[in-house]
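Q: Provided below for reference: sequence and predicted model.
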Amino acid sequence: MTIICPRCLTNILDNTPAHNSVSRRDNETIICNQCGMEESLVDAQLVDLDKNPKIVERENRMNEIVTRTRPV
């Protein structure tokens, strides 16, 4: 079964969960390694979000996922 990364909607996740990354946003959503690295760089403030609207879009998408799955 092919599973697409819920953060970028581009990369295909590996069938072995340990070969992917876990989102730092909720510590449970499986994302692709590229998105995992991107989240790390954003958290370390090594990315200028003003110059990277695509990253902001992916961050917003992940925040929506976290909000939807968080218990009320």
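A: Structure received.

Q: which residues of the protein fall in strands?
A: 21-22, 30-31 (DSSP state E).

Q: for this structure, give me the ranges with low pLDDT.
A: 70-72 (pLDDT under 70).

Q: ok, now which ones touch the spatially most central residue of it?
A: By Cα atoms, centre = their mean, the chain has its centre lying nearest to residue 7, at 4.2 Å. Counting by Cβ atoms under 8 Å, 6 or more residues apart in numbering, residue 7 touches 23, 29, 31, 32, 35, 39, 58, 61, 62, 65. (Each C-beta comes from the backbone N, C-alpha and C, glycine too.)

Q: out of these, the closest to residue 1 would be?
A: Residue 1 lies nearest to residue 32 out of the contacts of residue 7, by Cβ to Cβ, at 15.6 Å.

Q: all helices of this structure, in order?
A: 33-43, 53-69 (DSSP state H).

Q: just those helices: most buried one?
A: Mean neighbour count (mean count of other Cβ atoms under 10 Å) peaks for helix 33-43 among those, with a mean of 17.

Q: what angle sits between that helix and helix 53-69?
A: Interaxial angle, helix 33-43 versus helix 53-69 (axes from the mean of the first three to the mean of the last three Cα atoms, to 10 degrees): 100 degrees.

Q: for helix 33-43, packing partners?
A: strand 21-22, helix 53-69 (3 or more Cβ pairs under 8 Å, 6 or more residues apart in numbering; DSSP states H and E).

Q: tabulate those (CSV), appending distance to residue 14.
A: As requested, those are exported to CSV (distance: least, Cβ to Cβ, whole Å):
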stretch, distance to residue 14
strand 21-22, 10
helix 53-69, 19
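
Q: including mean neighbour count and distance to residue 11, could the strands of the chain go into a markdown table?
A: What follows is the strands of the chain, written out as a markdown table (neighbours: other Cβ atoms under 10 Å; distance: least, Cβ to Cβ, whole Å):
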| stretch | mean neighbour count | distance to residue 11 |
| --- | --- | --- |
| strand 21-22 | 18 | 10 |
| strand 30-31 | 22 | 9 |
